[in-house]
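Asker: build me a model:
(one chain, ligands or ions: 1)
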Amino acid sequence: MKNLSNSSDYIIIKAIEDGVNVIGLTRGSDTKFHHNEKLDKGEVMIAQFTEHTSAIKVRGEAKIYTSIAELNSEISK
Ligand code: TRP
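Answerer: Below you'll find the model as predicted:
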């Protein structure tokens, strides 16, 4: 993997409910979904920003840990 300045950052997502989606979005001029990982309650995904992935969307209730913040994603009801 190319050593882009932002490419080695890790993100940890821990699902608080079943069916949390972790969606990878492409790097470059068009931003598209390229991967959708479904997590059930308690499951953890450890991911990096890469040459192919510039953004990550989390849908559902989860704890998200990054070097800049620890936060919860929520579903508004
Ligand atoms: N093939 C993807 C990539 O190397 C895998 C990936 C990395 C990914 N980080 C991600 C998928 C975050 C979803 C979310 O970029």
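
Asker: from now on I want contacts and neighbour counts done on CA atoms only, so please keep to that.
Answerer: Will do.

Asker: how distant is stretch 24-38 from the center of its chain?
Answerer: Centre-to-centre, stretch 24-38 and its host chain are 10 Å apart (C-alpha atoms, centre = their mean, to the nearest Å).

Asker: then stretch 12-31?
Answerer: On the basis of C-alpha atoms, centre = their mean, stretch 12-31 sits 4 Å off its chain's mean C-alpha point.

Asker: middle-most residue in this structure, spatially?
Answerer: Compute the mean C-alpha point of the chain, and by C-alpha atoms, centre = their mean the closest residue is Ile56, 4.0 Å away.

Asker: and Asp30, how far from Asp9?
Answerer: From Asp30 across to Asp9, the span is 21 Å (C-alpha to C-alpha, to the nearest Å).

Asker: who's in contact with the residue nearest to the centre of the chain?
Answerer: Taking C-alpha atoms under 8 Å, 6 or more residues apart in numbering as the definition of contact, the neighbours of Ile56 are Val22, Ile23, Gly24, Leu25.

Asker: contacting residues for the nearest residue to Ile12 once chain neighbours are set aside?
Answerer: The shortest distance from Ile12 to any residue other than its chain neighbours is 4.6 Å, reached at Ile46 (C-alpha to C-alpha, 6 or more residues apart in numbering). The neighbourhood of Ile46, defined by C-alpha under 8 Å, 6+ apart, consists of Tyr10, Ile11, Ile12, Ile13.

Asker: next, format those residues as CSV and append pLDDT, neighbour count and secondary structure.
Answerer: Conversion of those to CSV gives the following (pLDDT from 0 to 100; neighbours: other C-alpha atoms under 10 Å; DSSP: H, G, I helix; E, B strand; the rest coil):
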residue, pLDDT, neighbour count, secondary structure
Tyr10, 94, 15, strand
Ile11, 97, 18, strand
Ile12, 98, 17, strand
Ile13, 98, 27, strand
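
Asker: what parts of the chain come near the ligand?
Answerer: Contact residues of the chain with respect to the ligand, defined by C-alpha under 6 Å from any ligand atom, are listed as Ile23, Gly24, His35, Ala47, Gln48, Phe49, Thr50, His52, Thr53, Ile56.
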